[in-house]
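Peer 1: this one's sequence-less:
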């Protein structure tokens, strides 16, 4: 059973702080990793994806991947109240697969 | 980014009726679309993979005769919930694969189904 695990939270951070969201996955053969943001009652929107070990930065967001530890994280710098949402980690298991398996998500609250 | 549109965004129906949800890729062609279901405070669960011009591939535990999927064109997939029951009430979300960007998935806005 291929699994994606996330702490459900809620994770509360003050405005302007760094929010750190973590995700672990069960299959070492996993190829691609995605972070989605989902506001309540809305569908997910892609924030960023990462394929290679290390860090990938996009604006205030940084994704970090450590395949040896089967761990991927998302850092949000200078957190804003508008960042308050549920963040979903998703994994694509193989090169020939287009399906994503989602974690249950971490609810983030940014306190003004 | 690419746009995927779902319709209706919400629907209320009586138990025993059928409901059709449409998923359209507005500015790109999608040979593959995915249908997910999300219950409150739960993650997205893949129901089926919709393939243009061929039968859908259903995940284990999803009844193909209850959740009918048709992908008749490169821009439209439909999900029909047949003989809906209250336990089918959920948030149904489709996504389409944009091959040009390496297979990135774009999600529709979701359709909230309430079965009375």
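Peer 2: Yes, it's here. Small disclaimer: the values here were computed from a predicted structure and weren't measured. Numbering: from 1, shown residues only, chains lettered A, B, ... in the order given.
Peer 1: now residue A:42: how far from residue B:71?
Peer 2: Relative to residue B:71, residue A:42 is positioned 24 Å away (CB to CB, to the nearest Å). Where you see a C-beta, it was placed from the backbone N, CA and C, and this is true even at glycine.
Peer 1: Looking at those two, which one has more neighbours?
Peer 2: Set residue A:42 next to residue B:71 and count neighbours by other CB atoms under 10 Å in any protein chain shown: residue B:71 wins out with 23 against 15.
Peer 1: show me what contacts the more buried one?
Peer 2: Taking CB atoms under 8 Å, 6 or more residues apart in numbering or on different chains, we find residue B:71 in contact with B:33, B:50-54, B:56, B:77-78.
Peer 1: most surrounded residue in the residues you listed?
Peer 2: residue B:77 (31 neighbours).
Peer 1: got the contact list for it?
Peer 2: Going by CB under 8 Å, 6+ apart, the list of residues near residue B:77 reads B:22-23, B:30, B:33, B:35, B:50, B:52, B:69-71, B:94, B:96.
Peer 1: which parts of chain B sit against chain A?
Peer 2: By CB under 8 Å from any CB of the partner chain, the residues of chain B that approach chain A are B:1, B:6, B:32, B:34, B:42-46, B:49, B:91, B:93, B:97, B:103-110, B:112.
Peer 1: Just the ones of the contacts of residue B:77 in strands?
Peer 2: Judged by DSSP state E, the contacts of residue B:77 include B:22-23, B:33, B:35, B:50, B:69-71, B:94, B:96 as members of strands.
Peer 1: between these, which is nearest chain A?
Peer 2: Minimum distance to chain A across the ones in strands among the contacts of residue B:77 is 8.8 Å, recorded for residue B:94 (CB to the nearest CB).
Peer 1: What count of nearby residues applies to the closest residue to the closest one other than its chain neighbours?
Peer 2: What sits nearest to residue B:94 in space, not counting adjacent residues and going by CB to CB, 6 or more residues apart in numbering or on different chains, is residue B:23, at 3.5 Å. By other CB under 10 Å, 29 other residues sit near residue B:23.
Peer 1: now do residue B:95
Peer 2: Neighbour count for residue B:95, taken as other CB under 10 Å: 28.
Peer 1: if I pick it, what's in contact with it?
Peer 2: Counted by CB under 8 Å, 6+ apart, residue B:95 has contacts B:4, B:33-34, B:36, B:105-108.
Peer 1: Check the gap between it and residue A:58 for me.
Peer 2: Taking CB to CB, one finds residue B:95 at 21 Å from residue A:58.
Peer 1: Good, wrapping up.
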